[in-house]
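Engineer: Structure here, sequence nowhere to be found:
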């Protein structure tokens with residue numbers, strides 16, 4: 001038998017849900033679920049839901065005791081429905097990581113052809129390397145002409161995920177809207193040290209090397225010859 005909460009409980013749930021959405025949207029925590037541009041929509045939705053809950057509670061409070069006596073009270077267990085909402089305020093689910101990446105079906109990414117110029121761009125200011133997203137690196141490394149990558153020091157940032165053929169992947173997820181549509185991006189570090197644990201965020205600086213085939217995947221994947229690898233803190237925006 002389904003549990004239907006009574007009217008006061010329904011309004012309290014709306015208040016809690018609206019408050020949770022506002023708290024998450026008001027901080028960087030929302031970046032674990034949606035793209036940054038969706039923040040205003042989350043704030044608006046949270047305010048509307050919170051307002052509806054507060055209006056409902058206010059309307060119930062104005063009712064006369066005699067009229068309220070006819071309201072059918074739902075089972076007290078209905079309040080347990082508030083528990084998952086409240087838990088999110090205390091223990092927020094993390095962004096997608098190595099566990100999800102390892103279980104996402106491996107599929108080649110359709111890579112567009114790139115113009116002959118202007119190449120991959122200048123080095124980062126004050127450095128001797130060029131920072132690239134994993135998607136950009138994957139696109140450039142699998143072109144017929146990879147001369148734009150030759151001799152360049154390239155910096156990638158992502159988390160470590162396992163690679164069955166040895167080494168590991170520097171990995172990130174790409175989202176179009178939210179975490180529900182996330183697709184995994186991987187760049188192989190074939191000679192990577194086994195000392196790094198899955199989900200550890202790293203900065204990899206190295207040079208382009210030809211794509212490699214992991215037998216577990218079955219098609220060429222972008223790879224980098226890592227000159228240096230260091231642990232870093234996760235960025236506020238973990239998705240590309």
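Structural biologist: Yep, that arrived. Fair warning: this is a prediction, and the values are worked out from it, not measured in the lab.

Engineer: Show me where the protein dips below the pLDDT cut-off.
Structural biologist: For the chain, applying pLDDT under 70 flags the ranges 1-6, 64-95, 103-118, 180.

Engineer: Go again with 80.
Structural biologist: The chain contains residues with pLDDT under 80 at 1-13, 16, 20, 23-24, 26-39, 57, 60-118, 176-182, 192-195, 214-218.

Engineer: Show me what the longest helix anywhere in the chain is packed up against.
Structural biologist: The longest helix of the chain (DSSP state H) is helix 39-62. Taking 3 or more CB pairs under 8 Å, 6 or more residues apart in numbering; DSSP states H and E as contact, the helices and strands that helix 39-62 lies on are helix 7-25. All C-beta atoms are positioned from the backbone trio N, CA, C, and that covers glycine.

Engineer: So what's the gap between the longest helix of the chain and the chain middle?
Structural biologist: Taking CA atoms, centre = their mean, to the nearest Å, one finds helix 39-62 lying 27 Å from the centre of the chain it belongs to.

Engineer: again, but for stretch 9-27
Structural biologist: Chain-centre distance of stretch 9-27: 21 Å, with CA atoms, centre = their mean.

Engineer: in its sheet, what does the helix or strand hosting residue 212 sit against?
Structural biologist: Assigned by DSSP states H and E, residue 212 belongs to strand 201-213. Applying DSSP bridges, strand 201-213 is found paired with strand 153-162 (antiparallel), strand 220-231 (antiparallel).

Engineer: hmm, who's touching that strand?
Structural biologist: 129, 141-142, 146, 149-160, 165, 170, 187-190, 196, 219-235 (CB atoms under 8 Å, 6 or more residues apart in numbering).

Engineer: Include distance to residue 28 when you put the strands paired with strand 201-213 into TSV, please.
Structural biologist: Output for these, formatted as TSV (distance: least, CB to CB, whole Å):
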stretch	distance to residue 28
strand 153-162	17
strand 220-231	20
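
Engineer: Now mean neighbour count too, for those, in TSV please.
Structural biologist: Listed next are those as TSV, based on neighbours: other CB atoms under 10 Å:
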stretch	mean neighbour count
strand 153-162	22
strand 220-231	18
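
Engineer: quick one: terminal-to-terminal distance for stretch 185-200?
Structural biologist: In stretch 185-200, first residue to last residue: 16 Å (CA to CA, to the nearest Å).

Engineer: Now do that stretch: distance to the chain's middle.
Structural biologist: Relative to the centre of its chain, stretch 185-200 is centred 19 Å away, using CA atoms, centre = their mean.

Engineer: Done for today, thanks.
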